[in-house]
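Visitor: One predicted model, sequence on top.
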2 protein chains.
Amino acid sequence: MSRDAAAGAALAIGIDLGGTSLRLAAYRGLEAAAGAAAAAAGPGGAPPVALTPVAHHREPVGEPRDPDTMVARIADHVARLVDAARAAGDADDDAVVPVGLGIAAMLRDHRGTVANSPHLRWRDVDLGARLAARLGPRHPLAIHNDVNAITYGEYGLGAAVGARDVLAVYVGTGIGAGLIVDGRLAEGASHCAGELGHVKVAWDAGAAPCACGGRGCVEAYVGGSYLLRRIRGELAGGAPSLARDLAGAAPVTVAHVDDAAGRGDRWALELWQELAPLLAIALGNALALLNPARLVLGGGVLSRTPVLVELTLAALEIAAPAAALEPLTIAPAALGDDAGLVGAALLATRDARPG
Amino acid sequence: MSRDAAAGAALAIGIDLGGTSLRLAAYRGLEAAAGAAAAAAGPGGAPPVALTPVAHHREPVGEPRDPDTMVARIADHVARLVDAARAAGDADDDAVVPVGLGIAAMLRDHRGTVANSPHLRWRDVDLGARLAARLGPRHPLAIHNDVNAITYGEYGLGAAVGARDVLAVYVGTGIGAGLIVDGRLAEGASHCAGELGHVKVAWDAGAAPCACGGRGCVEAYVGGSYLLRRIRGELAGGAPSLARDLAGAAPVTVAHVDDAAGRGDRWALELWQELAPLLAIALGNALALLNPARLVLGGGVLSRTPVLVELTLAALEIAAPAAALEPLTIAPAALGDDAGLVGAALLATRDARPG
């Protein structure tokens, strides 16, 4: 290990492999920054740390996206990032540089075997073994589910700094959650922990059907793709709402509906008042079970719907047990699109550390 | 540390302080037995280990039950158990003997400060500090919530051996749960993790009021005290049921209702068919979040209601995501009343071990 690594200022690379973009970033001193942030945090957390990568890259996943092609592309980009960091004096030639990858996939094990990734159209791909073989022993590799990587980024340097027990909930196209339990990422027996999107919030005859095959999943109500379909369907069906005017010529989004709700639009408010308690029940029940110190809320829907968030948090005061609310602080996700890169790099750094 | 301890055959004492009984047991070789059981376990678990204490004691809590009195009583019994074990050749004179205590209480910290114990009528009691002072440095002390101690006992030597991620659910007078996450007890930010009894399974106008102040908690439907009150109320109100005949002169219990349901009694079956899905939803949502390898079901209600359990497990097939069911095995609690003693002693042994 280089002197840099020993000093906690070592280089690490985070990768975010989604269905749309492949992103990589090389960070220096991530572990030291996370340690300092945790040490400085108060009970309510700490300001997020703006950590500028020493090198980064982004490109569309595009086609072809088969495993062989993607492994080769990722390994090439890692080599380029390390070269760039070395040229800038940010890494010794012999340094060990951990590589962490967050992927939009269901994983099968700790070695990065992909059970299924609809985004990449992969099934049963030994990504970890292939990529590790390409990267070599100087690049210890850690592969995690993307939501877990994002959660760990917020835990290390974002909205959950200072908390040992964290529930991070992302409401975007779908709903996912990441769990930190006593300072460690909780992945579950088959790497499926945090399936908050598929907790049931309705089980009567009218419970909404979900793409998972179940009914009444909270995602089938509040997940962005379901929500948008319902919004556009109701507006197309003639529902009177300011949201249509706010959108103008553009398609109506959840942000327009939230804006309308904030202005007192009756249809928008009724919709939000129906959905907020359902999301609150899912959140409150998770808080009852996990008793975290921090609840992080993020994702493309919640970051654009302050009124829905406010109504959800009001409902949460009733939905969650008082004992679970007492130690809790609630914070919006702080690292945005970088959370997954930071989290993957930090997980790889900590996984690679002996002991 | 004695040679016994080094050989993994050391003595440890488990204590169960409930609202009714104070129980203590001295075990030898607990850690070694747990290690052997885990090593021998298959994916579905292992036969529970019958571990006979080398000495044990049980007495009513009785009165007075103030902290000073209870600390003195507990310390005296610990000394007697250690003396008995030594007399029998089960411990060296200079051996460190860890003491673990499971208590029916809400704890405030890792040092055994009791925030609240309705059973003992204690509030803000520094039990850990007082008892540790009485026991002295030869008896490293660990204090845990009783449900956590029971869960850890099942994890170490009972129904959850071999699993690294466990959800143990006890439906008795109330409903409680314990969580093992990646081999460690998960206690939450304020020691309130596992409050499964207060997850909401109803939130309409008719949601059942719960003693916690909330409404729609699963405990307010399936918890033994609520359930029995409802059963006796409906039968007193004239509901036609075989349960009344099965009870004869004795008061009707949940076991009579279950027996009646098993014989096709319509009222009993309708009651169970109403309640089983509510319990299944609470369980299924917890499985979605935690993705455990083992679900342990225990407690005074579930151990006496096989038909209710069968209906609940059938409903769970629908209520839980398929991905959460895939790695899961479900097992009844195996250690009975000894689980808390075994778990507390094992937790104390592992807490006391350096590293």
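Guide: Received, thanks. Numbering: from 1, shown residues only, chains lettered A, B, ... in the order given.

Visitor: contacts and neighbour counts: CA atoms only from here.
Guide: Fine.

Visitor: now for the helix or strand where A:R80 lies, which elements pack on it?
Guide: Assigned by DSSP states H and E, A:R80 belongs to helix A:67-87. Judged by 3 or more Cα pairs under 8 Å, 6 or more residues apart in numbering or on different chains; DSSP states H and E, helix A:67-87 is in contact with strand A:21-28, strand A:55-60, helix A:127-135.

Visitor: Next, the buried residues of the last one.
Guide: It stands for helix A:127-135. Residues A:127-128, A:130-132, A:135 are the ones in helix A:127-135 that count as buried (16 or more other Cα atoms under 10 Å in any protein chain shown).

Visitor: likewise stretch A:84-100?
Guide: A:84-86, A:90-92, A:95-100.

Visitor: do stretch A:202-220 as well
Guide: Neighbour count says stretch A:202-220 has A:202-203, A:207-208, A:210, A:214-220 buried, by 16+ other Cα under 10 Å.

Visitor: now swap in stretch A:270-282 and tell me
Guide: A:271-273, A:275-282.

Visitor: and these near chain B, which?
Guide: For chain B, the contacts drawn from the buried residues of stretch A:270-282 by Cα under 8 Å from any Cα of the partner chain are A:I281.

Visitor: Can you tell me the element A:H110 falls in?
Guide: Using DSSP H and E, A:H110 falls outside every helix and strand.

Visitor: Same question for A:A344.
Guide: helix A:339-352.

Visitor: tell me which strands and helices that helix is in contact with?
Guide: strand A:11-17, strand A:21-28, helix A:30-40, strand A:99-103, strand A:141-145, helix A:146-157.

Visitor: lowest-confidence stretch among those?
Guide: Mean pLDDT across the helices and strands packed on helix A:339-352 is lowest at helix A:30-40; the value there is a mean of 91.

Visitor: Determine the set of other helices and strands touching that helix.
Guide: When contacts are defined as 3+ Cα pairs under 8 Å, 6+ apart, helix A:30-40 sits against helix A:146-157, helix A:339-352.

Visitor: Most tightly packed of these?
Guide: helix A:146-157 (a mean of 29; mean count of other Cα atoms under 10 Å in any protein chain shown).

Visitor: any idea which helix or strand comes after that one?
Guide: Going down the chain from helix A:146-157, the next helix or strand is strand A:166-171, by DSSP H and E.

Visitor: quick one: strands adjacent to that next one?
Guide: strand A:175-181 (antiparallel), strand A:294-298 (parallel) (DSSP bridges).

Visitor: just the angle between the shortest one and helix A:146-157, please?
Guide: Relative orientation of strand A:294-298 with respect to helix A:146-157: 120 degrees, computed using axes from the mean of the first three to the mean of the last three Cα atoms, to 10 degrees.

Visitor: and the helix or strand that comes right after strand A:294-298, C-alpha only, in CSV?
Guide: Once the chain leaves strand A:294-298, the next helix or strand it forms, by DSSP H and E, is helix A:306-319. Only the C-alpha atoms of helix A:306-319 are listed here, as CSV (Å, rounded to 0.1, in the frame of the first residue of the first chain):
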residue,chain,number,x,y,z
PRO,A,306,-42.2,19.8,-1.9
VAL,A,307,-45.9,19.9,-1.2
LEU,A,308,-46.3,16.1,-1.4
VAL,A,309,-43.3,15.8,0.9
GLU,A,310,-44.8,18.2,3.4
LEU,A,311,-48.1,16.3,3.4
THR,A,312,-46.2,13.0,3.8
LEU,A,313,-44.2,14.2,6.7
ALA,A,314,-47.4,15.5,8.4
ALA,A,315,-49.0,12.1,7.9
LEU,A,316,-45.8,10.4,9.2
GLU,A,317,-46.3,12.1,12.6
ILE,A,318,-49.4,9.9,12.9
ALA,A,319,-48.2,6.8,11.0
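
Visitor: relative to strand A:294-298, how tilted is helix A:306-319?
Guide: Going by the same axes, to 10 degrees, helix A:306-319 makes 150 degrees with strand A:294-298.

Visitor: quick one: average pLDDT of helix A:306-319?
Guide: 98.

Visitor: ok, residues contacting it?
Guide: If you take Cα atoms under 8 Å, 6 or more residues apart in numbering or on different chains as the criterion, helix A:306-319 is touched by A:258-259, A:261-262, A:272-273, A:276-277, A:279-281, A:283-285, A:302, A:325, B:200, B:214.

Visitor: So which residues on the stretch 201-350 of chain A come close to chain B?
Guide: Counting by Cα under 8 Å from any Cα, the stretch 201-350 of chain A sits next to chain B at A:201, A:212, A:214, A:281, A:284-286, A:288-293, A:318-321, A:323-324, A:327.

Visitor: Can you flag the buried ones in the residues you listed?
Guide: Applying 16+ other Cα under 10 Å to these flags A:201, A:214, A:281, A:284-286, A:288-293, A:318-321, A:323-324, A:327 as buried.

Visitor: Among those residues, name the ones in helices.
Guide: The members of these that map onto helices under DSSP state H are A:281, A:284-286, A:288-290, A:318-319, A:323-324.

Visitor: Of these, which pair is most distant in space?
Guide: A:L290 and A:I318 (17.0 Å; Cα to Cα).

Visitor: What is the end-to-end distance of stretch A:234-252?
Guide: 11 Å (Cα to Cα, to the nearest Å).
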